[in-house]
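Novice: whatever this is, show me its structure:
(2 chains)
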Amino acid sequence: MAERIVVDPITRIEGHLRIEVEVANGKVTNAWSSSTLFRGLEIILKGRDPRDAWLFTQRACGVCTYVHGLASIRCVDNAVGVTIPDNARLIRNLLMGAQFLHDHIVHFYHLHALDWVDVVSALKADPVKASKIANDVSPAPKSGPSDFKAVQARLQKFVDSGQLGLFANGYWGHPAYKLPPEVNLIAAAHYLEALRQQARTARMHAIFGAKNPHLQTLVVGGVSCAADLNADRISEFLYLWKETMDFVNNVYIPDLLAIAGFYKDWGSIGGTTNFLCYGEFPQSAKEPESLFFPRGAIFKRNLAKAEAVDPAKITEHVKHSWYEGDGALNPAQGETKPKYTKLDTADRYSWMKAPRYNGEPMEVGPLARVLVAYAKGHEPTKKAVDGVLKQLGIPAEALFSTLGRTAARAVETKIIGEAMEGWIMQLVENLKKGDTKTFEPYQMPESGQGMGLNDVPRGALGHWIEIKGKKIANYQLVVPSTWNLGPRCAANKPGPVEEALIGTPVADPKRPVEILRTVHSFDPCIACGVHVIDPESNQVYKFKVV
Amino acid sequence: MGLASPKILVLGVGNVLLKDEGLGVHLVRRLEASYAFSENVELMDGGTLGLRLLDPISQADHVIVIDAIQKGEAPGTVHRISAEDLSKKVTFKNSIHQLDLVETLAYAEVLGQRPSCIIMGMEPLDIEPWGITLTAPVAANLKQLETLVLEEIQKAGGSWLPRFLEVNQKGEVTDYVFGDSGGDPRDP
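Specialist: Numbers count the residues shown, from 1 in each chain, chains lettered A, B, ... in the order given. Purely as a prediction, here's the structure:
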């Protein structure tokens, strides 16, 4: 008899992501992903000055503010036909790189690790043994027995107070947790270390962004932080970059490898079939040719071929979404006509549209970027991926999985971080030569169309604008989480997360930690900024076993 | 102000695209435009970010958070909650979405750098998408909330002087991107 499990985080105002799965014989047999938050930001942008769009789009999301700002600016750059100066491109790349470093560290340690790491088990660990293991795998600081003992004491204090706080309500002791107590302790210690590090990494944005959160220094045609292009500010940025990279190399990557070693079975769980990457980090004005992470699409897991991307092949379906009709439109002609019916997994069940490329659901994000780069022979990616596969002793096919997705995120953090050094140096070289240009003037056309294709931490992000009478006539966003977490399309093909969940083992339907592992591996972010405090609520997460 | 002055962070949070949801940010902008504060007071538009605010939060001695607060009372009702009361009731939830403010305070505690904190705000009327202005009952009480926040700043050891304001004919501050009253004809 099949059981249905609903994982529905009831937040203070609206639920955000709701996952419903059918489980039979201890495995997921069917899945539905619903976003219960209505996004229709397009509506508020109509009639406004195109130059202001980015100030609105960067407020749309509570997490990835810069990326929506940049996507919008690039889209308007494209519409007005301006080529930005070299320095502006470098600054934008550096800010984007800083976003990746911050997001991925936070995702691995604070949004995903507790699906794999049993904090309570860490209390049983032997700090001397933990120290030995830690010192064997990396030169990370704070790895002595007394350091681990101190972490244990801190965790114990939380447990004893009856207030586990952040660590309450986990599935501690669940049989799906496989790490020995000592590895759990090392990971818990690094969870705390990562907290400190991310706080410092976040400062990188304020250096060239004027403030953080909500950067202020993007403009159509370039950037406005000309005054910050001096030795003091650049070396401040470089210092934080170096510190972050030490953490990535000495803590994040070794932890990923150590933890993955105990979860190799997840190299065959949670995979999808097709992958799309718009590419990111332009190295010159030529796009997509100069993109550091190349643009491409992979079908049917064929790593021998990454096809060129034609934006005209992108459509958004609404047959299973709460919008009028059941057609599929290209985003450049996209419509947003909400029509809520009820949540019915057999009919309409999500506020998200279902984006398709050439009619196929496509996974986007770190795994898609790494696979496309790997397929295209991108040197740094090939080297890093082959190294990880060899160290873990797993084949390339294991990349198509929850484990592969989580590993790809760590791998690209290192690759992007290393590339950033080159961009900083180029900036310094330009300034030395007396090239301080950061802005290219342009004329706002009476009418026009623009498209900004970006690859941001969570995946392929596209903004489309139509300008009439120098005002916004239409604006559409197709965000990474819509690609990954969207519902079925008109052809009833499941979206990537729906596909990925099928076959996932579920040992205990009342404590479905395995489902969280795969869902979290996509780094879902559709919260988009609702933030009201309800002091009476403590029920924020619920499962229904129907 | 001497070095020993406690560092006070006045943190307005919320989404300014969701009408009253952004009241914390509206109030911080109003304070910035209206007063020059002593050096130990920092005003910050925190938007809706969670963990990214850990750095400024953990560096402060005292945090005054301003946010929309729902307790089911009349829209515009001013609330004051201690963060200690709040965090007792909210537990870790393996959240699928981004970490929020209460969790960020808990993180500061885990690091041993938790500042004292109070949360002030108002009951919202409307937080549905989309709109960049406050509703009438919330806008009407913004001044009252401002007065109470200033009292809190003073209690915590901060001080201020009023700024010269450029105002429009209706007496409203016109100095920032999103006005906090007066409406916008393009606003749906």
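Novice: assumed residue A:415 was part of a strand.
Specialist: No: assignment of residue A:415 by DSSP: H, G, I helix; E, B strand; the rest coil gives helix, placing it outside any strand.
Novice: show the subsequent helix or strand relative to the lowest-mean-pLDDT helix or strand in chain B.
Specialist: Among the helices and strands of chain B, helix B:83-89 carries the lowest confidence by mean pLDDT, DSSP states H and E, at a mean of 61. As assigned by DSSP states H and E, the chain's next helix or strand after helix B:83-89 is helix B:101-110.
Novice: which helices and strands sit right next to that following helix?
Specialist: Using 3 or more Cβ pairs under 8 Å, 6 or more residues apart in numbering or on different chains; DSSP states H and E as the contact test, the elements touching helix B:101-110 are helix A:181-201, helix B:54-59, helix B:83-89. To be clear about C-beta, it is placed using only N, CA and C from the backbone, and glycine gets the same treatment.
Novice: quick one: low-confidence parts of the chain?
Specialist: You didn't say which chain, so I picked chain A. Residues of chain A meeting the criterion pLDDT under 70: A:1, A:8-16, A:36-40, A:61-63, A:161-169, A:525-546.
Novice: the intended chain is chain B.
Specialist: Residue ranges of chain B with pLDDT under 70: B:1-3, B:49, B:83-100, B:164-167, B:173-188.
Novice: how about the helices in it?
Specialist: Assigned by DSSP state H, the helices in chain B fall at B:23-34, B:54-59, B:83-89, B:101-110, B:136-140, B:142-156.
Novice: and those as JSON lines, adding distance to residue A:278 and mean neighbour count?
Specialist: Shown next, in JSON lines, are the helices of chain B (distance: least, Cβ to Cβ, whole Å; neighbours: other Cβ atoms under 10 Å in any protein chain shown):
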{"stretch": "helix B:23-34", "distance to residue A:278": "31", "mean neighbour count": "23"}
{"stretch": "helix B:54-59", "distance to residue A:278": "31", "mean neighbour count": "21"}
{"stretch": "helix B:83-89", "distance to residue A:278": "41", "mean neighbour count": "15"}
{"stretch": "helix B:101-110", "distance to residue A:278": "32", "mean neighbour count": "22"}
{"stretch": "helix B:136-140", "distance to residue A:278": "40", "mean neighbour count": "18"}
{"stretch": "helix B:142-156", "distance to residue A:278": "42", "mean neighbour count": "16"}
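Novice: save the ones you listed as a markdown table, and put in distance to residue A:312 too.
Specialist: Below are these laid out as a markdown table (distance: least, Cβ to Cβ, whole Å):
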| stretch | distance to residue A:312 |
| --- | --- |
| helix B:23-34 | 39 |
| helix B:54-59 | 43 |
| helix B:83-89 | 50 |
| helix B:101-110 | 43 |
| helix B:136-140 | 45 |
| helix B:142-156 | 48 |
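Novice: now the farthest one out in chain B, which residue is it?
Specialist: Farthest-out residue of chain B from its mean C-alpha position, per Cα atoms, centre = their mean: residue B:169, at 26.9 Å.
Novice: what distance do you get for that one to chain A?
Specialist: 24 Å (Cβ to the nearest Cβ, to the nearest Å).
Novice: for that residue, grab phi and psi.
Specialist: Note on residue B:169: its backbone torsions stand at phi -60, psi -30 [degrees, to the nearest 10].
Novice: so residue A:46 makes contact with residue A:474?
Specialist: Yes: counting by Cβ atoms under 8 Å, residue A:46 touches residue A:474, with 7.1 Å between them.
Novice: mind checking which of those two has more residues around it?
Specialist: Set residue A:46 next to residue A:474 and count neighbours by other Cβ atoms under 10 Å in any protein chain shown: residue A:474 wins out with 19 against 14.
Novice: quick one, what contacts the more buried one?
Specialist: If a contact means Cβ atoms under 8 Å, 6 or more residues apart in numbering or on different chains, then residue A:474 has A:42, A:46, A:334, A:464-466 as its contacts.
Novice: returning to what we had before: now the helices and strands packed on helix B:101-110 in JSON lines, with distance to residue B:110?
Specialist: Formatted as JSON lines, these follow (distance: least, Cβ to Cβ, whole Å):
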{"stretch": "helix A:181-201", "distance to residue B:110": "6"}
{"stretch": "helix B:54-59", "distance to residue B:110": "10"}
{"stretch": "helix B:83-89", "distance to residue B:110": "12"}
